[in-house]
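Chemist: pasting the sequence and the predicted coordinates here, then a few questions.
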Amino acid sequence: MTLHANILGEGRPFIILHGFLGMGDNWKTLAKQFSERNFQIHLIDQRNHGRSFHTEDFDYEIMAEDLKQYCDLNNLKNIILLGHSMGGKTAMLFATKYPSMVHKLLVADISPRYYPVHHDAILEGLSNLDFTQLKSRGEADKALSNYVTEAGTRMFLLKNLYWVEKGQLGLRINLDVLKAQVSEVGEALPIHATFQKETLFLRGDRSEYIGEADASLIHRHFPKSEIITIANAGHWLHAENPKDFYTAVINFVS
């Protein structure tokens with residue numbers, strides 16, 4: 001079993017890992033821009049997400065090994081690795097385990113620390129979508145709005161909708177496993193894990209995922225790191241302020 005990916009452009013391999021309940025396609029617009037700068041972009045769907053395989057197993061050790069297998073199969077070396085949220089945790093662990101494979105690391109709006117479970121309403125809402133009754137995206141959006149009030153978040157979540165067959169909607173994510181294993185998403189980076197190469201942490205100015213208190217922990221794990229703040233952005237900083245996010249990433253990787 002190997003991960004599903006969309007590959008754009010030619011040049012140095014640049015892998016992007018999405019967050020919890022997301023998929024590589026969430027990054028398509030930025031990926032196209034990055035690919036125009038002599039990078040070969042790999043938009044990966046992590047296991048139990050997007051078009052990648054579904055399994056009962058789900059934790060960061062396994063997801064880091066999935067990425068190692070993907071790089072080996074595609075002969076990818078000296079990669080640039082960018083991960084957002086859950087994908088950032090996978091990226092951090094991968095870089096600390098396989099530093100020789102990573103040229104530069106970018107982590108979007110997540111710290112190496114432990115995070116308590118905070119996806120309860122979202123997971124409950126997705127679980128209660130009744131696809132025997134719901135026959136359109138609009139109907140699914142209306143049903144989900146009882147649990148998730150923010151329209152942008154619902155739009156992001158409903159990217160997981162697809163037509164299983166004519167007239168039958170479903171979700172691409174492996175919802176049962178993600179619900180059962182949701183505590184894995186908040187797990188901390190192992191205490192002694194370090195990565196000694198250049199690393200950029202990007203945080204949204206309206207997000208609480210990386211606070212002032214996280215700086216010393218970040219520098220302990222990633223001694224050659226810097227933290228920059230993207231203005232007018234929350235946790236989905238790459239979608240909320242793509243222009244500044246793009247500029248910060250290109251300045252770092254060029």
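Modeler: Noted; the coordinates are in hand. Residues are numbered from 1 along each chain as shown.

Chemist: contacts and neighbour counts: CA atoms only from here.
Modeler: Noted.

Chemist: on the three-state scheme, residue 141 is what?
Modeler: Put simply, residue 141 is helix when judged by DSSP: H, G, I helix; E, B strand; the rest coil.

Chemist: that one: neighbouring residues, count only.
Modeler: 18 (other CA atoms under 10 Å).

Chemist: once you drop chain neighbours, what's closest to it?
Modeler: Closest residue in space to residue 141, ignoring its immediate chain neighbours: residue 154 at 6.8 Å, by CA to CA, 6 or more residues apart in numbering.

Chemist: got the contact list for the one you found?
Modeler: If you count contacts by CA atoms under 8 Å, 6 or more residues apart in numbering, residue 154 has them with 141, 144, 145, 148.

Chemist: restricted to strands, list these.
Modeler: Of those, none are assigned to strands by DSSP state E.

Chemist: between those residues, which has the most around it?
Modeler: residue 144 leads these on contacts (other CA under 10 Å) with 23 neighbours.

Chemist: strands of this structure, residue ranges please.
Modeler: Under DSSP E, the chain gives strands at 5-8, 12-17, 39-44, 79-84, 102-108, 161-165, 168-171, 199-204, 225-230.

Chemist: relative to residue 135, which of those strands is closest?
Modeler: strand 168-171 (6.8 Å; CA to CA).

Chemist: give me the pLDDT value at residue 75.
Modeler: You'll see residue 75 listed with a pLDDT of 97.

Chemist: nope, residue 167 is what I meant
Modeler: Residue 167 is given a pLDDT of 89.

Chemist: and if you look at the one 10 residues further on?
Modeler: In this model, residue 177 is scored at 98, pLDDT.

Chemist: that one - nearest residue in space that isn't next to it in sequence?
Modeler: residue 56 (6.0 Å).

Chemist: run through the residues that contact the residue nearest to residue 124 when sequence neighbours are not counted.
Modeler: The spatially closest residue to residue 124, leaving aside those adjacent along the chain, is residue 147, at 7.5 Å (CA to CA, 6+ apart). Shown in contact with residue 147 (CA under 8 Å, 6+ apart): 121, 122, 124, 125.

Chemist: just give me the closest of those residues to residue 52.
Modeler: residue 122 (21.3 Å).

Chemist: give me the neighbour count for that closest one.
Modeler: 19.

Chemist: distance of it relative to residue 104?
Modeler: 33 Å (CA to CA, to the nearest Å).

Chemist: and what of residue 167?
Modeler: 45 Å.

Chemist: what does residue 73 give?
Modeler: 20 Å.

Chemist: between these two, who's got more neighbours?
Modeler: Neighbour totals were compared for residue 73 and residue 104, and residue 104 leads with 20 against 10 (other CA under 10 Å).

Chemist: check contacts around that one.
Modeler: 79, 80, 81, 197, 198, 199, 253.

Chemist: residue 47 contacts residue 53, doesn't it?
Modeler: Yes - between residue 47 and residue 53 a contact is recorded at 5.6 Å, counting by CA atoms under 8 Å.

Chemist: surely residue 175 touches residue 127?
Modeler: Yes - under the criterion of CA under 8 Å, residue 175 makes contact with residue 127 at 7.4 Å.

Chemist: between those two, which one's more packed in?
Modeler: residue 175 (18 against 14).

Chemist: give the contact list for the more buried one.
Modeler: With CA under 8 Å, 6+ apart, residue 175 has these contacts: 123, 127.

Chemist: how about a markdown table for the strands of the chain, with distance to residue 244 added?
Modeler: Output for the strands of the chain, formatted as a markdown table (distance: least, CA to CA, whole Å):
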| stretch | distance to residue 244 |
| --- | --- |
| strand 5-8 | 21 |
| strand 12-17 | 17 |
| strand 39-44 | 19 |
| strand 79-84 | 16 |
| strand 102-108 | 13 |
| strand 161-165 | 29 |
| strand 168-171 | 32 |
| strand 199-204 | 11 |
| strand 225-230 | 7 |
